[in-house]
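> Next input, structure requested:
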Amino acid sequence: MQEKVNRITSLIEKFLEERLNAEEERELKEWLAEAEHNDSFFQQITNREVLREKLKYYASTDSEAIWNKTLQKIDGGAKLVDLYPTRKTAKLVPYGKIAVAASILILISASTWFYFSQSTSKQTAEKGKNAPATINNLIVPGSNKAILTLGDGKTIALATVQNGNLADQGYTQVTKTEGRLIYTKKPDSDGSLTSKDIYNTVTTPRGGEYQITLPDGSKVWLNAASSLRFPIAFAGNERIVELTGEAYFEVNPQEQIVVKGKNAQNSKKAKTPFIVKINTPAGNKNEVEVLGTHFNVMAYTDESAIKTTLVEGKVKVTSGNSIQTIRPGEQARLSEGSISVKNVEATDVVSWTSGFIPVGGPDVEYTMRQIARWYDVQIIYEGKRPEGSFEGKLPRSESIGNVIKLLNINNIKARLNEKERTIIVTS
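Numbers count the residues shown, from 1 in each chain. Next comes the predicted model:
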């Protein structure tokens, strides 16, 4: 047993430090493919956010007492991840201690994985193939994970591949670096005309998120249960992407030469529009047109409206013949073909990009849908719809147990059924 644990521990440590050789990478992939709970464990142990939050307190001091207290607070199922936690001061955290903490946490969690996998095998032998795997019922916060689908249909699991060049698409190079996908034109490229019909898609599962830098330099934060389809090289007089789910955009302004009539002397520079296309289940064609701005689009099918929230700049929302222009601090809501505009706290709407779950105040069901997507759970309501209200912040790094506690503190009566991956809300 211990030999197996030590080997898996070593491979995961090397993966986190990007030191895997080709043979070790093959061995790790084979282990991941052996059983579903192996991959589930791997996703948890390589979550780079949870441990960072737990070690922030320690990062501001070199006190042995604080360090020991921090270690005591980290439970056996803690997700490891960053060997370099965020620092609150300029003082450096001793590398040796963080590295030791990393090794200890991986070893503890690997031992836990082995115990669960052995228990699962025993249960399966005794109860049959339908016995659920205990490790699969663990509910953890979401993390950086997504599937990249290339132009030829090939898929890449971004959570398990190492940083570096992933693929060449036409004149464009696709690179992964620290939870972000970056598209850049190859240095020796002299054009992109043959690339305009090649599309890539990034898809996040429930409990996943990912960041993308598009070929034009625009940045996209893709939320859980979402997808973004885009050309690997923008061409023509507009830039178009297609979205399902939710994404936050920081659009890089671009200019183009516009010629009026046949006289080139009448040409002038104009901004190249950036357009987000949203296809609803009913087939309605909805668009958000941008001229260089920061904005959020939520287009989940289980939400009552498609919401476009503007943080900076100016956008135009279109649905059929309905057109509405919004300004910073405004949100356009598209529902049943009509567009309404209201003032909102834009920073609250996009707080998911900075580590918080957006909450809806008295709209408890909105808050619960956010929790459901991030923790990959189902929400069940018993009795009439809840009348509580969630106020304040809900960190995305919180354990599901703490989330339940925070809900109850806010008079939202909730309890967890971890085996069924459900949260039951009562009136």
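
> Cross-check the contact I'm expecting between Lys219 and Thr213.
Yes: in this structure Lys219 lies within contact range of Thr213 using C-beta atoms under 8 Å: 5.5 Å. Just so you know, the C-beta spots here come from the backbone N, C-alpha and C atoms, and that holds for glycine as well.

> list the helices and strands the strand ranked longest in the chain packs on?
Using DSSP state E to define each element, the chain has its longest strand at strand 239-250. Packed against strand 239-250 by the contact rule (3 or more C-beta pairs under 8 Å, 6 or more residues apart in numbering; DSSP states H and E) you find strand 219-222, strand 227-231, strand 274-279, strand 294-299.

> List the contacts of Ala305.
333-335 (C-beta atoms under 8 Å, 6 or more residues apart in numbering).

> Could you dump those into CSV with neighbour count and distance to Lys342 added?
Listed next are the contacts of Ala305 as CSV, based on neighbours: other C-beta atoms under 10 Å; distance: C-beta to C-beta, whole Å:
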residue, neighbour count, distance to Lys342
Arg333, 20, 7
Leu334, 23, 12
Ser335, 13, 12
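
> Among those, which are located in strands?
333-335.

> Name the nearest of those relative to Ile156.
Leu334 (33.2 Å; C-beta to C-beta).

> so what's Thr172 closest to, chain neighbours aside?
Take Thr172 and drop its neighbours on the chain: the residue closest to it by C-beta to C-beta, 6 or more residues apart in numbering is Ile232, 4.4 Å away.

> Read off the pLDDT value for the one you found.
Listed pLDDT for Ile232 reads 90.

> Does it touch Thr201 like I think?
No: when contacts are counted by C-beta under 8 Å, Ile232 is not listed as touching Thr201 (10.9 Å).

> tell me the contacts of the nearest residue in space to Val290 that is not next to it in sequence?
Nearest residue to Val290 in three dimensions, chain neighbours excluded: Phe274, at 4.3 Å (C-beta to C-beta, 6+ apart). If you count contacts by C-beta under 8 Å, 6+ apart, Phe274 has them with 216, 218, 238-239, 241, 249, 251, 289-292.

> repeat that with 10 Å
Going by C-beta atoms under 10 Å, 6 or more residues apart in numbering, Phe274 touches 214, 216, 218, 234, 238-241, 249, 251-254, 288-293, 295, 315.

> does it have beta-bridge partners, and which?
With DSSP bridges as the criterion, Phe274 is bridged to Arg239, Val290.

> Following the record's annotation, map out the domains of this structure.
Using automatic domain parsing, the domain ranges for the chain come out as 2-137, 143-349, 355-426.

> lowest-confidence stretch among those domains?
Per-stretch mean pLDDT for the domains of the chain is lowest at domain 2-137 (a mean of 53).

> about what we covered before: so the residue nearest to Thr172 touches Ile182, yeah?
No: counting by C-beta atoms under 10 Å, Ile232 sits too far from Ile182 to count as a contact (11.9 Å).

> Pull up the overlap in contacts between these two.
Common contacts of Ile232 and Ile182, defined by C-beta under 10 Å, 6+ apart, comprise 173-174, 214-215.

> Could you identify the most distant pair in those residues?
Taking C-beta to C-beta as the measure, these span a maximum distance of 13.2 Å, between Gln173 and Leu214.

> Mind checking which of these two has more residues around it?
Higher neighbour count among Gln173 and Leu214: Leu214, with 23 against 18, using other C-beta atoms under 10 Å.

> ok, that one to Val202 distance?
According to C-beta to C-beta, to the nearest Å, Leu214 stands 10 Å off from Val202.

> anything in contact with each of the two?
With C-beta under 10 Å, 6+ apart as the test, Leu214 and Val202 both reach 181, 220, 228, 230.

> What's the first helix or strand after the host helix or strand of the first one?
Counting by DSSP states H and E, the element that carries Leu181 is strand 180-185. Tracing the chain past strand 180-185, the next element assigned as helix or strand by DSSP H and E is strand 199-203.
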